[in-house]
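**Student:** Structure for the following, please:
(one chain, ligands or ions: 1)
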Amino acid sequence: MARTAIPGRLTKRAGWWVARLVERREETATACTLVLEVPDWPGHLPGQHVDLRLTAEDGYQAARSYSVSAPADGERIEVTVQRVPDGEVSPYLIEGLSVGDQIEVRGPVGGYFIWRMTEPAPVLLVGGGSGIAPLMAMIRARRAAGSRVPFRLIYSVRSERDIYFADELRRRVRDDQGLDVAYVYTREVPESSPARAHRIAVADLNTHGWPPQLEPTNFVCGPTGFVEAVSDILVALGHEPRRVKTERFGPTGA
Ligand SMILES: Cc1cc2nc3c(=O)[nH]c(=O)nc-3n(C[C@H](O)[C@H](O)[C@H](O)COP(=O)(O)OP(=O)(O)OC[C@H]3O[C@@H](n4cnc5c(N)ncnc54)[C@H](O)[C@@H]3O)c2cc1C
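**Tutor:** Sure, this is the predicted structure:
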């Protein structure tokens, strides 16, 4: 999608809010966080997603789903987008959208893949690649609420360079009591790590997850194959299927 335009007024139209990009932050060489200002945004819960819609000058439209990567903050929402090579929408969001530009937003969407801070159960977050986005919203919401619910994150990435929110995660492990983070590297392992490059396996979930007897809530998010592999292992380890909540970042849109 080469150039986009949003015709009409700065209001909500037929379920779509007109938002403005107010800030962008590089997360990795191929991923970026977009901060959008959405007038009259009703708020959202950690784990929910929004649909973003682009309209070309000839009227052609394309919409894709993106998880919110930060808790609700007035009229501001944040999404973190991974560039899919040859993708229609994600390269435009990363390279074509400038601060001040408008984009349409629909949502918030989703009532199942949500962490509610009133729930006392320990939480395991398992993210693959950009699947960290909604899990980061949960980690940030826990911090913002001063919650002491024990959180563990297992984050699968290709290499250290592919870690989103790397500095913040380091800081949160230091400052947020009861938050542990473990990394699984699938291609290139840092020198400091004793493990070999591998895909997430039973041993990782056994070592860095919670025993099923504690009845944790497990949130698994990432590419479809990753989510299916991890959720199968968690169920095989004895976690009740209803305590394994999944979000698949498969292709979306029409
Ligand atoms: C509920 C939900 C939440 C999501 N949240 C996020 C998010 O927070 N951050 C994020 O970066 N993405 C997220 N996605 C994926 C996102 O919606 C798009 O699918 C993705 O950005 C690709 O869109 P595109 O237009 O660039 O590629 P397309 O033009 O749609 O696809 C181009 C090619 O890439 C393949 N492809 C499409 N999507 C993916 C993918 N996700 N992984 C690998 N190959 C793909 C297609 O099969 C096709 O061959 C989410 C998806 C869902 C369903």
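
**Student:** Tell me where the model's unsure across this protein.
**Tutor:** 1-13, 251-254 (pLDDT under 70).

**Student:** Partner strands of the helix or strand harbouring Trp17 and their direction?
**Tutor:** Here Trp17 sits within strand 17-28, counting by DSSP states H and E. Applying DSSP bridges, strand 17-28 is found paired with strand 31-37 (antiparallel), strand 102-109 (antiparallel).

**Student:** So for Arg53, which of those strands sits nearest?
**Tutor:** Nearest to Arg53 among the strands paired with strand 17-28 is strand 102-109; the distance by Cβ to Cβ comes to 4.1 Å. In this view, the C-beta of every residue, glycine as well, is placed from N, C-alpha and C.

**Student:** quick one: strands adjacent to the helix or strand just after that closest one?
**Tutor:** Per DSSP H and E, the first helix or strand lying C-terminal to strand 102-109 is strand 123-128. Within its sheet, strand 123-128 is paired with strand 151-157 (parallel), strand 217-222 (parallel), according to DSSP bridges.

**Student:** The closest residue to the ligand within the chain: neighbouring residues, count only.
**Tutor:** At 2.1 Å from the ligand, Gly87 is the closest residue in the chain, using Cβ to the nearest ligand atom. Number of residues near Gly87 (other Cβ atoms under 10 Å) recorded here: 17.

**Student:** How about the backbone phi and psi for it?
**Tutor:** For Gly87, the backbone dihedrals (degrees, to the nearest 10) come out as phi -70, psi 160.

**Student:** so who does the spatially most central residue of the chain touch?
**Tutor:** Central residue of the chain (Cα atoms, centre = their mean): Ala133, 1.5 Å from the mean position. Counting by Cβ atoms under 8 Å, 6 or more residues apart in numbering, Ala133 touches Tyr66, Ser67, Val68, Ser69, Val79, Thr80, Tyr164, Cys221.
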